[in-house]
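Novice: give me the fold of what follows.
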Amino acid sequence: MSNSLKDFVNANRERFDDKTPRASAWGKIEAALNQGKTSWWNSVTMWRAAAIILFGVSGYLLGTHQSKPTLATRQLSSEFKDLDAFYNDQIIEKAEMVSQFQRERGEGDDEVTQNLQKLEAMYQVLKEQMKKRPTQDVKDALVLNLLVRIDLLNQQLKKLDTTQPEKEQPSENV
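Specialist: Residues are numbered from 1 along each chain as shown. Below you'll find the predicted structure:
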C-alpha cells in the first residue's frame, strides 16, 4: 500500500512543487511562532547564570567562614597543646611503671590495660574533633579523659605496690 502512495507522489511531483503558499499564510505562521517566545525569566541561559552565581557566592562564603579561625579557637588550641604535652608525659611515665611491674610478675594485659586502650581510642576521636571544631566543651572532655587515665594508672600502681611480695628481710639470728 505504501508503494502505491510513493509511486503516486513520484509520478505527480511536478504538480506538487509548482504551488507556493499565499503571503498571508506566512504572516499567520510567523505570528504563531512569536507567541511561543519565552521571556527572559524562562530562559535556560538565565537560570544557568543564576546557578553559577549562587554556586560562586556559596563557595566564597563557605571558604572564608572556615578558613579564619577566631582568636578564641586559636587560644583554646594553644592551651590544649600545653595541657596535652604535660599530661601525656605523666601518662607515659606511669604506664611504663605499670608495665614494668607486670613484666616482673609475669602478668599479661589485664582489665586496666584494656580500659586504657579504650580511653586512648576515645581520646583520639576527641582530638580529631578538637582539630575540626575547637570548643571549650571538647577541650574539657579531652582534659577529663587525660585525668581519668592518670587516675586509673595511679590506682593500678597503688594496687601493684600493695600486693607486691615483701622482700625477705635478713634474719638477725646469727
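Novice: measure Asp161 to Phe101 for me?
Specialist: From Asp161 across to Phe101, the span is 8 Å (C-beta to C-beta, to the nearest Å). For the C-beta atoms, the positions are set from N, CA and C on the backbone; glycine is no exception.
Novice: these two - which one has more neighbours?
Specialist: Counting neighbours by other C-beta atoms under 10 Å for Asp161 and for Phe101 shows that Phe101 has the greater number, 17 against 10.
Novice: neighbours around Leu146, how many?
Specialist: When neighbours are counted by other C-beta under 10 Å, Leu146 comes out with 19.
Novice: correct me, but it touches Ile91?
Specialist: Yes - using C-beta atoms under 8 Å, Leu146 is in contact with Ile91, at 6.9 Å.
Novice: can you pull out the strands in this protein?
Specialist: Here the chain has no strands by DSSP state E.
Novice: poorly predicted segments of it, please.
Specialist: 1, 34-42, 64-76, 107-109, 164-174 (pLDDT under 70).
Novice: now the residue nearest to Leu160 when sequence neighbours are not counted: how far from Ile53?
Specialist: In space, and not counting its chain neighbours, Leu160 is closest to Phe101: 4.4 Å by C-beta to C-beta, 6 or more residues apart in numbering. Phe101 sits 68 Å away from Ile53, going by C-beta to C-beta.
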